[in-house]
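Asker: model the structure of this input:
(2 chains)
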Amino acid sequence: MDQINPPVGSQQPRPTVSRLPLESAVVRFAGDSGDGIQLIGNRFAIETAQSGNDLATFPDFPAEIRAPVGTTFGVSAFQINFGARLIKTSGDAPDVLVALNPAALKVELPNLKRGGTVIVDTGSFSERNLRKAGYAGNPLTDSTLSDGRTIEIDISRLTLEAVKPLGLSQHDALRCKNMWVLGLLYWMYGRERQSTIAWLGKRFASDPLVAEANVAALNAGHAYGETSEVAGDITAFSVAPAPLPPGTYRSVTGADALAWGLIVGAHSARLKLFFASYPITPASPVLHLLARQSELGVTTLQAEDEIAAVCAAIGASFAGALGVTSSSGPGMALKSEAISLAVAAELPLVILNTQRAGPSTGLPTKTEQSDLNQALYGRHGEAPLAVLATRSPADCFDVAVEAVRLAVRAMTPVIVLSDGYIGNATQAWRVPAVTDLPEFPVRQETNPDGFSPYARDPETLSRPWAVPGTPGLAHRIGGIERDYETGNISYSPENHQRMSDVRAEKIARLAQAIPAQTVALGPDRGRLALVGWGSTYGPINRAVSLALEHGDAVSHIHLRHLSPLPANLGELLAGFDRVLVVEGNNGQLRALLRSQYLLDAEGLNKMTGRPFTIDEVERAIRDRL
Amino acid sequence: MTAVTPPVSFVPKDFASDQEVRWCPGCGDYAILKATQKALAEVGATPDNTVFVSGIGCSSRFPYYLATYGFHTIHGRAPAVATGVKLARPDLDVWIATGDGDGLSIGGNHLLHVLRRNVDLQILLFNNEIYGLTKGQYSPTSHRGTRSPSSPHGTQEEPVSPAQFALGAGGRFVARAIDTQQKQLVGILKAAHAHRGASFIEVFQNCVVYNDNVFAAFTERAVAAEMQLWVAHGKPLLFANGTRGLRLKPGTLMLETVTIGEAGITEQDILIHDQTSKPLALMLAALQPPTMPVALGVLYCSPTACLPLAPAEGAIDPAALPQRIDAALHRGDTWTIESRAST
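Answerer: A predicted model of the protein is given here:
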């Protein structure tokens, strides 16, 4: 393996500790929603990133805002996969599970890797909590935990002892339990504490006593690890830095990366960004980030409903801004009529769909890929538009920029499919320099000579964008069919045929403006290709990579552009004996590929509200080779 | 490129588009169109800076007949589209044309919120108490008992009052006019245009085909004076050529009509219209024939903060934007991966 310089500011683990080197590890924190699980998960991720590992995380929290304490449906979890290699998913089964109460153990234990380690807070295993979790006996004393390694620590008591000198109430003192655990995990994986201590000081600046208590708990957890190391009770690990390209990194969720991509895309097009949205799980974080960016010229509107959100975005695009709206499946259904208006009026519009498990309310906090058909076909009339899909949190940035580029190039709505997994998961993202990114400034029409609002560019077939306020270009557009030449209302049968044809051709021609489809991994022809789109990228890529290491003849093809499809896709797929389409729905892309290319594609499908595991994909490969 | 020299000022016909107007002969919409073109010219509007947004229905064909920028959108959603236009381009002069079905049935939610947000635009609601374009079904403003293809035995629903709805939604400018009374209509359109914030105008508009003479009880020449109360800020609430007026019924919070000279009533007893009083506006909007005259004119005008807010001091310099975006992308926890040392 290549030598890698330690990142600036980090120190090598103390030489006295003998650490077991790992290529990668999956850790899952679980506890009650009030235990501060997400918070320590995020801090652990930041420290892990700063030590140079690549990583991916996934928060898994209950749909209830404040579920009753101690219940299984109130369990909140946070999983992180980190390693010395490039990390593509947040990991299948955890190697280490931290369970801060019986309910967390009950919910999470079945997912633990065979032979994995469980760290439990015995202090929380009261009879009452065991009952609430649905345990008849005590899993710590019966055979429940026989299959792995269990580290039993009375974390509650040790936390109370650590913060006792500060004189907090028992309730407040116990709230520091999460920091104690974080301290222990920092020790286990050789992480530094300084930046977390500084962060705690800032977070609790108004309450220095609480800050001090949290730091005391963090240090106590760390010291516990050091002490037990001497006794050999707990194994310490080391995970070397990953071979990441040099640069400045930050951690982003898919939602944040979409928002940043829209800002940069609008800037690259030299347009003002107007974002209108109605709150919906799991799409709202995009609105939250953009609402704070008025200093970057972003205008946001929390609309009265989904329809108003898309309509306001269409109005903004008509007025010369980049109109964007965002939702999830149910909201997309409500926006459908207005999206057809944008197709008819031929206005640029970006529509984000952070998919969730449906139909109807379905599982709002769980992920699915079941809105592809809705994106492709979910409109009245022949209403073609462009559809893109993001494959990971960091990829959301690039896809958002690409959506803006296509929307303004063809004066068309573009739907971007993300999902609940990508939206909430985080990934290390190399921050680009805005000035290094390609620009595509929009030329809005200013010339009144021979102006017609529907005169088309001969290459792209897009119409001119003549913005209200431009002298001499006043014109009327609308949803009634427009004359091919003048844009005035036309009920002519021949004209409607011609306009329907040109709207379809305009989207088809976008295929000339998108990259040719490549193979993500493996040979570009052969026995078996796994085809995916969206968040299946990680599990497919990792599974194919492992299969290739075993010498299997398998390839991974991942689609970013779903409408139009890349021009060479049919030819590429024809080079494989078998095509397996892996997607979190009942076979929507598979049906598209079959109808488009008369291809006998098979499907690997899943609708559990959870992403595919690497193992599931590996098994599907093995079954076919 | 040919240099275009804009005329110094525009006349009403400069606001007429080249499209053939296709409303039914005798439709009240013609009168509203004419009054709007006149008002636009008189307020000094320019076709290039004016945008008309509409939904669906007879009224919503309005933008096609105006030589301004126009957007004929989808049923009920014009207020949402217009909000986007105005927030994206605060310098544009934005108007909405809608009807009783478009604005108060399918689009009631958006009308509520454009008024509540007080977006700086003008809303013309053509109220003819019927669905015209879909051939005559009853609308949310049809009075109880209206017979129509979808209510053969007469409707059993209470109608919504557009002006009361607008006041309830928080509208800060609420006015009423009649399609054929051009002088007053033009004046009200100009007042609406001068108002900062969402201006709501209910225009009683006669549908000659499906609901002819629905407003005859107060629009017929023979009864107009008795049944129309034109309000003016600071002026007594008089009607019937100044012979009758409104006052608070003693000991109650209800309006009553009184006759000057009868039972010792003088003009001193008549209420003075205060367009900034919302309680008075609500009482005026609720007056109904045959026992009461219909209140017309500017019932309520009380400006307050509106959207879009004035741009903050020191608008964003486009040249500085890349640096600002870069800074924003680096805010929070970041880390650096150095180049790998060669082995």
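Asker: distance of the residue in the stretch 451-600 of chain A positioned nearest to chain B from residue A:328?
Answerer: Using Cβ to the nearest Cβ, the closest approach of the stretch 451-600 of chain A to chain B is made by residue A:478 at 2.8 Å. To be clear about C-beta, it is placed using only N, CA and C from the backbone, and glycine gets the same treatment. For residue A:478, the distance to residue A:328 equals 29 Å [Cβ to Cβ, to the nearest Å].
Asker: what's the answer for residue B:165, then?
Answerer: Counting by Cβ to Cβ - residue B:165 and residue A:328 are separated by 32 Å.
Asker: give me the more crowded residue out of the two.
Answerer: residue A:328 (27 against 23; other Cβ atoms under 10 Å in any protein chain shown).
Asker: any idea how far the more buried one is from residue A:368?
Answerer: Counting by Cβ to Cβ - residue A:328 and residue A:368 are separated by 10 Å.
Asker: same question for residue A:625.
Answerer: 28 Å.
Asker: show me which of the two is the more surrounded one.
Answerer: residue A:368 (26 against 12).
Asker: is that one in a helix, a strand, or coil?
Answerer: coil (DSSP: H, G, I helix; E, B strand; the rest coil).
Asker: so for it, what's the nearest residue that isn't a sequence neighbour?
Answerer: Leaving aside its sequence neighbours, residue A:368 sits nearest to residue A:357 (Cβ to Cβ, 6 or more residues apart in numbering or on different chains; 4.0 Å).
Asker: so the one you found bridges to which residues?
Answerer: Here residue A:357 sits in beta bridges with residue A:363, as judged by DSSP bridges.
Asker: shouldn't it be in contact with residue A:606?
Answerer: No - with contact defined as Cβ atoms under 8 Å, residue A:357 does not reach residue A:606; the gap is 10.9 Å.
Asker: these two: which has the busier surroundings?
Answerer: Between residue A:357 and residue A:606, residue A:357 has the larger neighbour count (other Cβ under 10 Å), namely 24 against 19.
Asker: got the contact list for the more buried one?
Answerer: Listed by Cβ atoms under 8 Å, 6 or more residues apart in numbering or on different chains, the contact set of residue A:357 reads A:363, A:364, A:366, A:367, A:368, A:370, A:420, A:607, A:609.
Asker: TSV please, covering those residues and showing distance to residue A:104 and pLDDT.
Answerer: Output for the contacts of residue A:357, formatted as TSV (distance: Cβ to Cβ, whole Å; pLDDT from 0 to 100):
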residue	distance to residue A:104	pLDDT
A:363	20	93
A:364	22	92
A:366	18	91
A:367	21	93
A:368	25	97
A:370	29	98
A:420	21	95
A:607	25	96
A:609	19	93
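Asker: next, format those as TSV and append distance to residue A:493.
Answerer: Formatted as TSV, the contacts of residue A:357 follow (distance: Cβ to Cβ, whole Å):
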residue	distance to residue A:493
A:363	47
A:364	45
A:366	48
A:367	45
A:368	42
A:370	37
A:420	45
A:607	44
A:609	48
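Asker: can you pull the pLDDT of the residue nearest the centre of chain A?
Answerer: Nearest to the geometric centre of chain A sits residue A:422, at 1.5 Å (Cα atoms, centre = their mean). We note a pLDDT of 96 for residue A:422 in this prediction.
Asker: quick one: low-confidence ranges for the stretch 201-343 of chain B?
Answerer: Along the stretch 201-343 of chain B, segments meeting pLDDT under 70 span B:310-315, B:340-343.
Asker: what is the neighbour count of the residue of the stretch 151-300 of chain B found nearest chain A?
Answerer: Closest contact between the stretch 151-300 of chain B and chain A, by Cβ to the nearest Cβ, is at residue B:169 (11.2 Å). The number of residues packed near residue B:169 is 18, by other Cβ under 10 Å.
Asker: how close does it get to residue B:163?
Answerer: Taken as Cβ to Cβ, the span from residue B:169 to residue B:163 is 11 Å.
Asker: before we move on, the earlier item: the residue nearest to the centre of chain A in helix, strand or coil?
Answerer: helix.
Asker: thanks a lot, see you next time.
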